[in-house]
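Participant: what would the 3D arrangement of this be:
(2 chains)
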Amino acid sequence: MRTKSPDLHHRLGTACRMSWPPATPTHPSTERDQDMTDHPTPSSATSHTASEDLVTQACVHIDAAVRQVEAAADADVFSPLLGLAGLLSLIRGGLDPSTRSAVDPNDPFLPMDHVDRALSLLDAVPPSAGPADLLVWSLRLQDLRDALMAAVMAQR
Amino acid sequence: MSTTTVGDLLDRAELLARSLHATDAQISTTQWCSFDATAYRLLHELVGPERVGVRAQILAHAGVSRILGGYPSPLAAPNPQTTYNAKQAASHLGVSHSTVVADIRGSRLPATFDGRRYSIKATDLPTASDLRPADPASTDPLDQLTCTFGLLADMVVAERSRTAPTPGFDPLRDDAQVAPVVARVFAMTIVAARHALAHIPLQDADRSLAIAQYAEHSLDALGDVDRPSTLNRVASFAPPSSPRTPNEELEAALRTWAHQARTELAKTIPSTEVLRDIANQARHLYAVTAGLAAASFTAGHLSEDAARAVHEELHQPAQVMYRLQQQWEAVTTATKPSHEYVSATTTLHASLTAIERESLLPGDHVDPARRIDLEQAMADLGYAATDLVELTHAAAQLPEPLIRSGLLFAPARILPSTMERIHDRNHGRYVPILLEEGAVLIDAAQSGATAARDVRATLELSPQPAETTELATQTPASRCLRQTTAPTAALSAPDLF
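Facilitator: Model prediction:
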C-alpha cells in the first residue's frame, strides 16, 4: 500500500523533507506500512510529526476500506455499500483531503480490519496533537463502523 | 408534506377570491389599502427587473413592464431597494413626467443622473402613511387573500434571488411563464376590487374602482395566456424540525442536505470530497427512487414492462454518477468538507437506507410506524431531483477554473510523466493537473449534469395532480411514474428486478 500526498510546498518551490521510514509505527512494520509513510512532513516538532503520521496512516486505512467496500458492491450502482463507501471517503477527506492509498492487490485486510486499524491509530494520537477536530472525525468513523459491519454481513 | 408551490398558493388565493362572493361584511379602507399595496408588490416582483441581452426577451418584457407601469399611483414602493426612472416615478406618484423632472431639477426630489436617465430611490418617494400589513389571524377572506398574495410575493423574491438557478428551469426570467400567473393575479384583483366597491365606505370607493378598471384593462392587454406555467412549480419548503415519520425524516434530511451542498459549492475552493459525495448521493437517491417506484408497481399500478423502463431510466444516470464520483476521487483541492455538510449527508444516507431496509419490505413485513407514504416520498424525491440538476450543473462548472487556477491536484504517479514531475513521482507528491489531463473529469461532470436533467425530466410530472394534461413529449417511463403517485394501501414484494 502506498500513500501519495500533495506537497503544496513543492508548488511554491520550497524543500520538504520526507519521513522515511515512519517515525512511530503503531503496528507491525511491513513493506506496505513503510510505503504508507511516503508523506511529506515538517522538519520540526517531532511529536506533531508523529501524530501527523498516525492520522495519515489512519487515512490510508480508511481509503483502503473505501476501495474494498466499493469492490464488494460488485459494480452494482444501486448497491447500499456504495453509500457507505462515500461516507467513509468523506471522513477520510475531513481528516486529510490529501491522502490516498494506492491499490494493493495483496491487501490481506478486510474492510472492517482497515476501519478498526484506522480507529486505533486515531485513538493513539496524543490529546494535544493532531487536528483540532480529530475527535469529531473519530466519532463519525466509530458511528459508521456498525453500519458498515451490518452492510458487509448482509452482502455476504 | 410541508412543501408549498406557487401553484398551491394561487389555488388557495382563487378559493379565497371566490369566497368573497359569500360575505357581506363591510371592509375598512385599511383592509383595502393592504390588499392594494400587496397586489402591486406581487405584480412588481413577478414582472421583475428589465431584461438585458437578447432583443426578443427585452421586447417581450417591455410589454409586461408597460402594463405594470400603468398601475394607478401605487400606495407604497414594493421594497426599499427599488429604484425608479422619472417615468416610473411619475406613474407611481400619479403626476406627469415633466412634473417629476421639474421636482428633481428644483431639488424637491432626490435623484441621480447617469447621463441617460434619472434614478430615484423608492424610499425618497412619498408613501401612504397609514398602510398596515393584513392581519394573518383575520378570518376575513380579503385579509386572507392579502396574506396569500404577500406569501406569493415572498416566494417570488426568494426564487429570483437564488444565486444558482436550476438549468432549464428559470420561469421568472421567461415572460411566457410569468404572464399566466400575472393574469390570474389580475383576475383575483378584479374580484377583490369589485367586492371592495360594494363593501367599502363610499368616500373611499374611487381607489378600488380605479384598480378594478386597471386590472380589467391589463388582463385584456396580456392577451391569451390561458396555458400552464412552470412558475407554478416553484416550491417553498418548511421541513419539520422534529421529524417523526419516515416521510418527515426524508423530507427534513433532503432539505438540509440540499442547503448544505449549496453552501459547500459556493465556497471559493470547494472540497472535492463534497463534489464526489454529491454524485454519490445522487446515485443513492436514484436507487431509492427506483425502489419506491418498484414498490408502487408491485402494488398493481403498472405492468412489469413499464417498471423495467423506469428502472432503466434511473439506472443509467446512477451509472453516470458513479463514474463521476470515481473521477472526483482521483483529484483534490486539499479543502476539507465542513462538519455541517458531513452531518447532513450522513443523516440523508441514514434516512434513505432506512427506507430501503424498513419501508420497502414485502407487504406485511413493514412495521406500521415505518410505513412510508409512497406518493409523498416520490414528490420529495422529485424535488430532490430538481436540486440535483442545480447542484450537478454548478459542480460541472468547477473543474476547468480550478485546473486553470492550479488548484486541482492529483498524484504525480497517475499523471503523464514529464521531466518536471520525475521528482514528484519519486516522492509520492501531488501536482496541479493540466487542462488536458482533466478532460475526462470535465466530461464526466458534464455528463452528470445532463443525467440529472434527464432524471428530472422523467420524474417532474410525477407529483402533479391526476387531472393535469400529459404532454405529448412525455416518455413512457414518466407516464408510468405518474401512476406511482397514487396512494398505495399495502406494499408487496418490491424485488421486480
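Participant: determine how far the last residue of stretch B:325-342 lies from the first.
Facilitator: This stretch, stretch B:325-342, spans 16 Å end to end (C-alpha to C-alpha, to the nearest Å).
Participant: list the buried residues in that stretch.
Facilitator: Neighbour-count burial for stretch B:325-342 flags B:325, B:327-338, B:341-342 (criterion: 16 or more other C-beta atoms under 10 Å in any protein chain shown). To be clear about C-beta, it is placed using only N, CA and C from the backbone, and glycine gets the same treatment.
Participant: equivalent analysis for stretch B:368-382, please.
Facilitator: For stretch B:368-382, a neighbour-count test (16+ other C-beta under 10 Å) marks B:370-382 as buried.
Participant: out of those, who's nearest chain A?
Facilitator: residue B:381 (14.4 Å; C-beta to the nearest C-beta).
Participant: any idea of the pLDDT on that closest one?
Facilitator: pLDDT for residue B:381: 92.
Participant: in which helix or strand does it reside?
Facilitator: Assigning secondary structure by DSSP states H and E places residue B:381 in helix B:374-396.
Participant: that helix - contacts with which helices or strands?
Facilitator: If you count contacts as 3 or more C-beta pairs under 8 Å, 6 or more residues apart in numbering or on different chains; DSSP states H and E, helix B:374-396 packs onto strand B:3-5, helix B:246-265, helix B:272-296, helix B:439-459.
Participant: could you check the angle the third one makes with helix B:246-265?
Facilitator: I take that to be helix B:272-296. Relative orientation of helix B:272-296 versus helix B:246-265 (axes from the mean of the first three to the mean of the last three C-alpha atoms, to 10 degrees): 150 degrees.
Participant: after helix B:272-296, next one along is what?
Facilitator: Next helix or strand after helix B:272-296 toward the C-terminus (DSSP H and E): helix B:304-329.
Participant: residue boundaries of the helices in chain A?
Facilitator: Counting by DSSP state H, chain A has helices at residues A:8-11, A:31-36, A:46-72, A:80-95, A:111-124, A:134-155.
Participant: what's the local residue count around residue B:420?
Facilitator: A count of neighbours around residue B:420, defined by other C-beta atoms under 10 Å in any protein chain shown, yields 9.
Participant: distance of it relative to chain A?
Facilitator: The gap separating residue B:420 from chain A is 11 Å, by C-beta to the nearest C-beta, to the nearest Å.
Participant: ok, residue 69 - contacts?
Facilitator: Picking chain A for this. Neighbour list for residue A:69: A:81-82, A:84-85, A:88, A:111, A:148, A:151-152 [criterion: C-beta atoms under 8 Å, 6 or more residues apart in numbering or on different chains].
Participant: meant chain B actually
Facilitator: B:87-88, B:91.
Participant: could you tell me which of these belong to helices?
Facilitator: Among the contacts of residue B:69, the residues falling in helices (DSSP H) are B:87-88, B:91.
Participant: looking at these, which is nearest residue B:239?
Facilitator: Ranked by distance to residue B:239 (C-beta to C-beta), the ones in helices among the contacts of residue B:69 are led by residue B:88 at 39.3 Å.
Participant: the closest one: how many residues sit nearby?
Facilitator: 21.
Participant: how about the residues of the stretch 201-350 of chain B that lie near chain A?
Facilitator: Within the stretch 201-350 of chain B, the positions near chain A by C-beta under 8 Å from any C-beta of the partner chain are B:271-274, B:276-277, B:280-281, B:283-284, B:286-287, B:290, B:315, B:318-319, B:321-322, B:325, B:329, B:332-337, B:339, B:342, B:345-346, B:349.
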